[in-house]
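Colleague: quick one: sequence and predicted model below, then my questions.
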Amino acid sequence: MSEKGGRLLEIRGLWIEGQADEDWVPIVKGVDLTLDRGEVLGLIGESGAGKSTIGLAAMGYARDGCRISGGEILFDGIDLRAASEATRRSLRGRRIAYVAQSAAASFNPAHRLIAQYAEGPVRHGVMSAAEAESDAVDLYARMRLPDPESIGFRYPHQVSGGQLQRAMTAMAMACRPDLIIFDEPTTALDVTTQIEVLSAIRDIVDRFDTAAIYITHDLAVVAQMADRIKVLLRGEEVEEADTRTMLATPSEDYTRSLWAVRSFARAEQPPARDATAVLSVEGVTAGYDRLDVLRDVSFDIHARRTVAVVGESGSGKSTTARVITGLLPPRMGEVRFEGTPLPPGYRGRSRDQLRQIQMIYQMADTALNPKLRIRDLIGRPAQMYLGLRGKRLEERVRDLLSLIELEPDAHIDRLPSELSGGQKQRIGIARALAAEPRFIICDEVTSALDQLVAEGILRLLDKLQGEFDLAYMFITHDLATVRAIADEVVVMKEGRVVEQGPKADMFQPPHHPYTELLLSSVPEMDPDWLTDLLERREAGGAGAGAAGT
Amino acid sequence: MGFLTGVVILAVVVAVALAAGWLFRAMMVAILPAGAGRTLRTAPPAAGFGMLVILLYILVALFAPLIAPFGEREIVGPEFLPWGDTHLLGTDNLGRDMLSRLVYAARNTIGIAFVTTALAFLIGSVLGILAALTGGWLDQLLARAVDVLMAIPALIFALLLLTIVGTSIVNMILVIALIDSTRVFRLARAVSMNIVVMDYMEAARLRGEGTWHLIVREILPNAMAPLVAEFGLRFCFVFLTISALSFLGLGIQPPTADWGAMVRDTATLISFGDVTPLLPAGAIALLTVSVNFVVDWQLHRASGLKE
């Protein structure tokens, strides 16, 4: 960071309330926050900590169903709460800008990127449309977007997620604001894409000496971006310190527990090479229409072992799961269960074959029928496959709820909407267990969850594996999860397996260049990590981070 | 002067209606068990009024013989008697008591409309959900067949079909149910298409669930809100169609009382400045408006819950 100016933003005793049924309940409880010009503040905490709400309040804005009920918000001496709506509107986009988590959902799909870029500067009278467009090309280049001259003339759906996120950051920069609020800008991206977006954001914030509030739940990311970190819990401040102090010596227990999450590691299971694999995928080629998404994919999964399938989005991880479950019959090759070939389509499989292979989904929200009660959600597989009825079914459901560490009496008659994200995911696990399977596919089961909750889920899955001799296939793009839970790793790229083997081998060089790229892209808690990595890649040429470290 | 009086009367009517709705809602909240009571408390006064009116119509339809002073088909006096003590609303073109016929018509018109709508929904929603669930050629076949049926204006198509199969109450119910089921089919199919792509549907399919379970347990509960709202609207349309057909002479046949036919029978009185022919029309309008109040509230609730 270059020189720091004076005080830019000062929030004192901020209270924000949200509407729940007919009552107003506090979401943010008396938070203070200060930010100097050119400074980057990281806000971290689990979901529900009030991070985004505070971020929006810094623009003098409260979402529908929320209201700012107390405190002062001073932006460069202007009291945003007392100011008129017209004054606030003249500041937003002009002097305070906002970058949302999902660029795909925030761009208007009906307009070209550059037209949306120009909207802010033209509306605020900063530039003419022509000036704004040439400025856009300049900023697109600075954000290292490919083909900056013409990319602006594409529609949002014609560029990738990482590019869209950078285009959105460029757009936020259009009026050269004093303050940008980044609300989880890289959470939805792959690790390899995340690096590009992070370094582009850091560059541009540095270049224009913009102050920023960086909201995230990923500590390693915030370590790269922020000068200071503020930790929030349920709408209250836990502690605040500059980044290095905070990472080295957090003073509160809660902060330490956040830091410790990544330390979960399960004991590796002894290999069982001699026995027949529970599930083997053999030479599978599959795809949609004429396009092959998977090419000659083979791997085995043994009892009590966890195989992690990693790769970025579009690498064919989820398609592999669809082939195994029979949703997508392969063009070539087959899937064997305990040595017996499975019919290619799920309709051709017997009830027992269906029972043996269960799946846990990424989004528990869409994986659980919102209109069914927990009793029916978990009870249905037990009723179907095991023929349990009445009292015995009820007992089974209660046992399963205890297994996933939810109090049966309190939860059995609830609807999914009455549970938290982590609890919903536990119900998804219980539903899979109810079928008493041998093999479970976990499709990104922790990626929608906060780190503490995710860790709880991983521990639970580990415990259940030991108890019921389960084999897991763990689809993920998060290498921290792989490190924590996998016995074997299968690395996929563009529908092929580029490398596979025991976890210990995977995390030791030499690697396949693609594995190396994935591994080196996982953010670390060291605040110098991003800078060092970029230097190394620069030296190694073309940013591919070729083999050898 | 006349205008001002009109405005004041209108305001008083609206205020009384809202107050009645509010009172009715408060009463129902007190009577019903906690769960239903909590839902009702979110109802605006207009919806309360709507529910009150619907309840009154149902009571009138159920207890028609007790309420009506004379028989449905009984000729009790000379034609076109003015309003008076014995015949509160006068008599019609054949000398039958107007009030009694209004009361009996509630039974016929509402009953037939309800059966027709229910049938239209049974056919339309089951086929619509099935089409979305199965996809492929079945979906194409059903959807295109429905397109063809929808391409013909509904009333003219109904007239045509009734001319072919002959006018009877059963035929009329079947014809209108068929025509209206196409609209329900479109809605049910569109709603279900968003549901069948959800992960819980995939989970249910992989579990090996049969088609019937998928329709009834997985899709229907999630498609209920828009379907219920559509039921209310569809009921009004069916109701109006029946009345229109009766007015044209192809609907409910005399001497059975029916609001649409009653407007036609007494239509000549309009030229003499008598409002009697407007009473059955008003009965239709009031029910339609009331049903829509309730439907609006349900729609609002459904969209609010989705958030």
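Modeller: Nice, I can see it.
Colleague: what's the helix or strand for the spatially most central residue of chain B?
Modeller: Residue closest to the mean C-alpha point of chain B, counted by CA atoms, centre = their mean, is residue B:235 at 2.6 Å. Assigned by DSSP states H and E, residue B:235 belongs to helix B:220-248.
Colleague: can you tell me, leaving aside adjacent residues, what's nearest to residue A:347?
Modeller: Of all residues beyond its chain neighbours, the one nearest residue A:347 is residue A:326 (7.6 Å), with distances taken as CB to CB, 6 or more residues apart in numbering or on different chains. (Glycine included, C-beta is placed from N, CA and C.)
Colleague: typo on my end, residue B:293
Modeller: Residue B:293 sits nearest to residue B:50 (CB to CB, 6+ apart), 3.2 Å away.
Colleague: isn't the one you found up against residue B:291?
Modeller: Yes - between residue B:50 and residue B:291 there is a contact under CB atoms under 8 Å: 6.7 Å.
Colleague: quick one: which of these two has more around it?
Modeller: A direct count of neighbours by other CB atoms under 10 Å in any protein chain shown for residue B:50 and residue B:291 places residue B:50 higher, at 27 against 22.
Colleague: buried residues in the helix or strand the more buried one falls within?
Modeller: Here residue B:50, judged by DSSP H and E, is contained in helix B:45-62. Under the neighbour-count criterion of 16 or more other CB atoms under 10 Å in any protein chain shown, helix B:45-62 has B:45-54, B:57, B:60-61 buried.
Colleague: among those residues, which one lies nearest to residue A:144?
Modeller: residue B:47 (56.5 Å; CB to CB).
Colleague: contacts only, for that closest one.
Modeller: Residue B:47 sits next to B:21, B:25, B:293-294, B:296-297 when contact means CB atoms under 8 Å, 6 or more residues apart in numbering or on different chains.
Colleague: domain ranges for the chain, per the record?
Modeller: The chain I'm using is chain A. A:7-257, A:279-508, A:520-549 (automatic domain parsing).
Colleague: not quite, go with chain B.
Modeller: Split by automatic domain parsing, chain B gives B:1-42, B:59-306.
Colleague: mind giving me CSV with those domains and columns for mean pLDDT and distance to residue A:519?
Modeller: Shown next, in CSV, are these (pLDDT from 0 to 100; distance: least, CB to CB, whole Å):
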stretch, mean pLDDT, distance to residue A:519
domain B:1-42, 79, 54
domain B:59-306, 86, 30
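Colleague: mean neighbour count, those: which tops it?
Modeller: The highest mean neighbour count among those, using mean count of other CB atoms under 10 Å in any protein chain shown, belongs to domain B:59-306: a mean of 18.
Colleague: how far does that domain sit from its chain's centre?
Modeller: Centroid displacement of domain B:59-306 relative to its chain, using CA atoms, centre = their mean, to the nearest Å, is 4 Å.
Colleague: residue B:143 and chain A, how far apart?
Modeller: For residue B:143, the distance to chain A equals 22 Å [CB to the nearest CB, to the nearest Å].
Colleague: for residue B:110, same thing?
Modeller: With the distance defined as CB to the nearest CB, residue B:110 ends up 30 Å from chain A.
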